[in-house]
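**Student:** Next comes the sequence, and after it the predicted model I'd like to discuss.
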Amino acid sequence: QVQLVESGGGLVQAGGSLRLSCAASGGTFSTYAMGWFRQAPGKEREFVAAIRWSGGVTYYADSVKGRFTISGDNAKDTLYLQMNSLKPEDTAVYFCAASVRAGVLRNNPRGYDYWGQGTQVTVSS
């Protein structure tokens, strides 16, 4: 059982930066990939970024490409999301997720097995 705890959210002005962290524990050796999703009020949860541990392959949503960077440590127990040039439309609750399955779509929430509780990111205009 993998436990995930996000931190680093907050209020920032448009154009600013934040770095989210996700601390993972309990069986992290079994994770194949991890990702970040977000959910704004009244909207569905959407993919932000993912990393496959084998080879360090990264995936990004078009809306954040060039502004956000996903990374993690070699022990697979910490995941980061560096967010630069933030926009008001980035406002959402950001969730960390972990997958223990290979060969699933990394941009689909159903490809993930464990989820954190989320951290709020608010970008003011």
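**Tutor:** Done, it's in.
**Student:** What ranges does the chain have for its strands?
**Tutor:** Counting by DSSP state E, the chain has these strands, from start to end: 3-7, 10-13, 18-25, 33-39, 46-52, 57-60, 68-72, 78-83, 92-99, 114-115, 119-124.
**Student:** Relative to residue 107, which of these is closest?
**Tutor:** Of all those, strand 46-52 sits nearest to residue 107, with 3.9 Å by C-beta to C-beta. Bear in mind the C-beta positions are built from the backbone N, C-alpha and C, glycine included.
**Student:** ok, and for that closest one, which residues are buried?
**Tutor:** 47, 48, 49, 50, 51, 52 (16 or more other C-beta atoms under 10 Å).
**Student:** Now do that strand: which elements does it pack against?
**Tutor:** Here strand 46-52 touches strand 33-39, strand 57-60, strand 68-72, strand 78-83, going by 3 or more C-beta pairs under 8 Å, 6 or more residues apart in numbering; DSSP states H and E.
**Student:** Residues contacting the longest one, please?
**Tutor:** Outside strand 33-39, the residues that touch it by C-beta atoms under 8 Å, 6 or more residues apart in numbering are 20, 22, 24, 45-53, 59, 70, 72, 76, 79, 81, 90, 92-99, 106, 109, 112, 118, 121.
**Student:** Kindly report the same for the third one.
**Tutor:** Contacts made with strand 68-72 from outside it, assessed by C-beta under 8 Å, 6+ apart, are listed as 34-36, 48-51, 53, 58, 60, 78-84.
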